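# Sequence and predicted model, in that order:
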Amino acid sequence: MTSTVINFSTVINPKSRSQADDPDSTPWQRVLLTMCFSGRLRRETVQGNNIPVHISVSIADEHGPFNSPVMEALSVDFCSTRSSSPSIDDSTPSQTNDDFPSREDIFISFLPLRGSFDHVNPMDWAMLSREIETWLVTKVDNRSQLWTWGCDAFWLTFVAAYPLFPRGKWPMWDPRIPLEGVFIKEWLGRSSDIDAVKLGGEHSLVGLLNDIWAEFNRHIALYYSSPLINVNEP
């Protein structure tokens, strides 16, 4: 039996953001792509849970020498299994991935952020970083996808608290949290371009923290759909 490959393609236009410390270049903002699958697989066609889905990203040739896409895959159950599609039998109970509990089952102790959280204040980021660190090592299974998500959240907050990292002064984090993840690898790759001189101006530091805050908001939305700031708590 010959399998039919179903292809879907789309074109997006990522926004670029200017940087005060480098007016000659404009990096692209990250793109959050959510992909859902309608319908259900027949049980006899499923062998284990390893069903490959090929995803490719390409950019125009003229931009290739200056930029390259980096993808990070995270399996999450954002899409309701009870679709309006007629191919789905509503009498069948919805199922979730055993490795990824539903968002209702996840307790994220550091969210929502208190109402007084100031994203341009490194001290607030330092406090949040410690809260995430404690939550990770005491409450989260390090084999789960929640752990991977939490580690990325930790590194976003840690760098916001200590923007000269890995140079300058910073506290040692719990060694159980690996120095891994898309954000921290990108940061370490360009950290040599960020020094005390460039961060000496208030504008450049605020600009950096604004960028990290925007990225933190996008990242948190992967697991947390409620308002990020608790306006009722000072």
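Right, received. Where do you want to start? Residues are numbered from 1 along each chain as shown.
# Going by C-alpha atoms from here, please, whenever you check contacts or count neighbours.
Will do.
# just the strands in this protein please.
For the chain, the strands defined by DSSP state E cover 113-114, 229-230.
# Tell me the neighbouring strands of the last one, and mark each as parallel or antiparallel.
This points to strand 229-230. Paired with strand 229-230 in the same sheet, following DSSP bridges, are strand 113-114 (parallel).
# on that earlier part again, in CSV: the strands of the chain, plus mean pLDDT and mean neighbour count.
Output for these, formatted as CSV (pLDDT from 0 to 100; neighbours: other C-alpha atoms under 10 Å):
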stretch, mean pLDDT, mean neighbour count
strand 113-114, 94, 16
strand 229-230, 89, 14
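# List just the one of those strands that sits closest to P175.
strand 113-114 (25.0 Å; C-alpha to C-alpha).
# Count the neighbours of the closest residue to L188 other than its chain neighbours for me.
Take L188 and drop its neighbours on the chain: the residue closest to it by C-alpha to C-alpha, 6 or more residues apart in numbering is P166, 7.4 Å away. The number of residues packed near P166 is 13, by other C-alpha atoms under 10 Å.
# Give me the below-cutoff pLDDT ranges for the chain.
1-10, 16-51, 64-68, 70-105, 191-203, 233-234 (pLDDT under 70).
# That one: helices as residue ranges?
122-139, 145-161, 182-190, 202-220 (DSSP state H).
# list the buried ones in the last one?
Read it as helix 202-220. Buried positions in helix 202-220, judged by neighbour count with 16 or more other C-alpha atoms under 10 Å: S204, L205, V206, G207, L208, L209, I212, W213, E215, F216, H219, I220.
# Tabulate the strands of the chain in a markdown table, adding columns for distance to N142.
Supplementary listing: these in a markdown table, determined by distance: least, C-alpha to C-alpha, whole Å:
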| stretch | distance to N142 |
| --- | --- |
| strand 113-114 | 23 |
| strand 229-230 | 27 |
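# Of those strands, which is nearest I12?
strand 229-230 (29.8 Å).
# and the nearest residue to S226 once chain neighbours are set aside, how many neighbours does it have?
Spatial nearest neighbour of S226, chain neighbours left out: P112 (7.8 Å); criterion: C-alpha to C-alpha, 6+ apart. When neighbours are defined as other C-alpha under 10 Å, P112 has 15 of them.
# Distance check, P112 against E131.
Applying C-alpha to C-alpha, to the nearest Å, the value for P112 to E131 is 12 Å.
# I59 too?
39 Å.
# ok, those two, which is more surrounded?
E131 (15 against 11).
# and that one, what is it in contact with?
F110 (C-alpha atoms under 8 Å, 6 or more residues apart in numbering).
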